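Chemist: heads up, no residue letters with this:
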DNA sequence: CGGATAGGTTTTGTATACAATAACGAGGCA
DNA sequence: TGCCTCGTTATTGTATACAAAACCTATCCG
């Protein structure tokens, strides 16, 4: 979208993700217009995108709230993401060029360097990790698959998960990526699918361990 | 959404699906505002939804066009839909209540009646079919799964596919649904998944046979 | 005291005017 | 002729004013 609505989107998103506004809290379009410095029209456009991404939700009477995801919500997303991203890995194995595989290697060298620092550079890890997964999805050459995954790989989930990672968790992630690259180099779709599956399912369990056992709490607004 | 933008959405959608406007043709917000009888503001909201559903697409410079899906696009959607809807069927098998299974039976009785007419009542078939699949997705109790599938089960694809069905194709569909109900009654998720898989994959091949071999033609605008 | 309700306030929805940008076409120049 | 440039028109983007709907609270009646 164009300039104002794009800025609004980025600002609102950052505002929500920064945690400076509590989950379940109400927002108004006017507030957001003031925060972002544009009028309500582009704010409404930005808000619609964020609703789509489930960062914001509307009550039955159109009031706007910061979404509050339950553990079950997040498990659901991990399950779906695993299903789709395994498919992407399998397709990518057949389609990645030699050069693209080299790029994945480079990305993962960077990721590895970030996690081998003490303390690990989590921001750099997150960025390299995002780029790595994105490259695989792009290589799957399935635009709608990419579109679906975009709304499943949500920043709040990834953030909350990454914050619970120990250094050894991060190192295991890096090793998974190495193995994925090996599977791609061997053009072995089954292998790639399997590695991606365990990679993501382990991520879920790391998250779940940190959050505690399934206790199923509120979605949406108060 | 509220009244005006909802009306706009329905009207524009119907307008596009009616085929009275060719794939690849440009639309302007002003035109649509006139057609729908509301101002550009709700039209823009409706258009954004339709873009999301891929019925409309925007050029790199924000011009609006009626989407033109290639055979490959449609195969991609069938593949993704199969993946997700098989998952839904498996989950539904564990969750459907006895009453819900009875409702599915009723829906399929209606569908069967529609296809057993000569000529078959395709509109009634489509409606019963839609309701049947929707009930399964709802029973899967996975809101995000439902959301993802909503954008994969697109009217233009279903329409184009259904138009190519012979009466025996339609009857086979009805039998598939019967077998799904049997799988649900047996609480057999694997069975349900398998039936759903062949059901959807056959639908794709029926479509592909009618359209001709993979010849890969233009997506999007001219 | 409980609950319905009426009126003022807040919030969202729509129309419209204007601004910015992209497409188009005509005229000039090599 | 080829093709740039610039001005005109078409189209999308944004701000703002107003309309509609939802919320809240004080008040009234049982």
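Modeler: Ah, there it is. Not measured: the values here are computed from a predicted model.

Chemist: residues of stretch A:179-196 that come out buried?
Modeler: Neighbour-count burial for stretch A:179-196 flags A:179-181, A:183-184, A:188-189, A:191-196 (criterion: 16 or more other Cβ atoms under 10 Å in any protein chain shown). All C-beta atoms are positioned from the backbone trio N, CA, C, and that covers glycine.

Chemist: nope, stretch A:12-30 is what I was after
Modeler: If you call a residue buried by 16+ other Cβ under 10 Å, then stretch A:12-30 has these buried ones: A:12-13, A:15-16, A:21, A:23, A:27.

Chemist: do it and chain B meet?
Modeler: No: legend: contact between stretch A:12-30 and chain B by Cβ under 8 Å from any Cβ of the partner chain is lacking; minimum distance shown is 13.5 Å.

Chemist: so which of the buried residues of stretch A:12-30 belong to helices?
Modeler: Secondary structure defined by DSSP state H assigns A:12-13, A:15-16 of the buried residues of stretch A:12-30 to helices.

Chemist: please produce JSON lines containing those residues, extended by distance to residue A:83 and pLDDT.
Modeler: Output for those, formatted as JSON lines (distance: Cβ to Cβ, whole Å; pLDDT from 0 to 100):
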{"residue": "A:12", "distance to residue A:83": "30", "pLDDT": "97"}
{"residue": "A:13", "distance to residue A:83": "26", "pLDDT": "95"}
{"residue": "A:15", "distance to residue A:83": "32", "pLDDT": "95"}
{"residue": "A:16", "distance to residue A:83": "27", "pLDDT": "93"}
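
Chemist: so which of those residues is the closest to DNA strand C?
Modeler: Nearest to DNA strand C, judged by Cβ to the nearest atom of the strand, of those is residue A:12 at 12.6 Å.

Chemist: so, low pLDDT: which residues of chain A?
Modeler: A:1, A:212-222 (pLDDT under 70).

Chemist: who in it is up against chain B?
Modeler: Counting by Cβ under 8 Å from any Cβ, the residues of chain A close to chain B are A:2, A:41, A:44-45, A:48, A:52, A:54, A:62, A:73, A:76-77, A:79-80, A:83-84, A:87, A:142-145, A:148, A:151-152.

Chemist: of these, grab the buried ones for PyMOL.
Modeler: To isolate the buried ones among the residues of chain A next to chain B in PyMOL, judged by 16+ other Cβ under 10 Å, type:
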select buried, chain A and resi 44+45+48+54+73+76+77+79+80+83+84+87+142+144+145+148+151+152
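
Chemist: tell me, which of the residues of chain A next to chain B make contact with DNA strand C?
Modeler: The subset of these lying close to DNA strand C, counting by Cβ under 7 Å from any atom of the strand, consists of A:2, A:41, A:44, A:62.

Chemist: related to what we said a few turns ago, in strands, which of the residues of chain A next to chain B fall?
Modeler: Using DSSP state E, no member of the residues of chain A next to chain B falls within strands.

Chemist: quick check, central residue of chain A?
Modeler: Taking Cα atoms, centre = their mean as the criterion, residue A:153 is the residue nearest the geometric centre of chain A, at 3.0 Å.

Chemist: gap between it and chain B?
Modeler: According to Cβ to the nearest Cβ, to the nearest Å, residue A:153 and chain B sit 12 Å apart.

Chemist: show the contacting residues for the residue lying closest to residue A:165 once chain neighbours are set aside.
Modeler: Here the nearest residue to residue A:165 in space, its sequence neighbours aside, is residue A:206; by Cβ to Cβ, 6 or more residues apart in numbering or on different chains that works out to 6.4 Å. Remark: with contacts taken as Cβ atoms under 8 Å, 6 or more residues apart in numbering or on different chains, residue A:206 is in contact with A:161, A:164-165, A:169.
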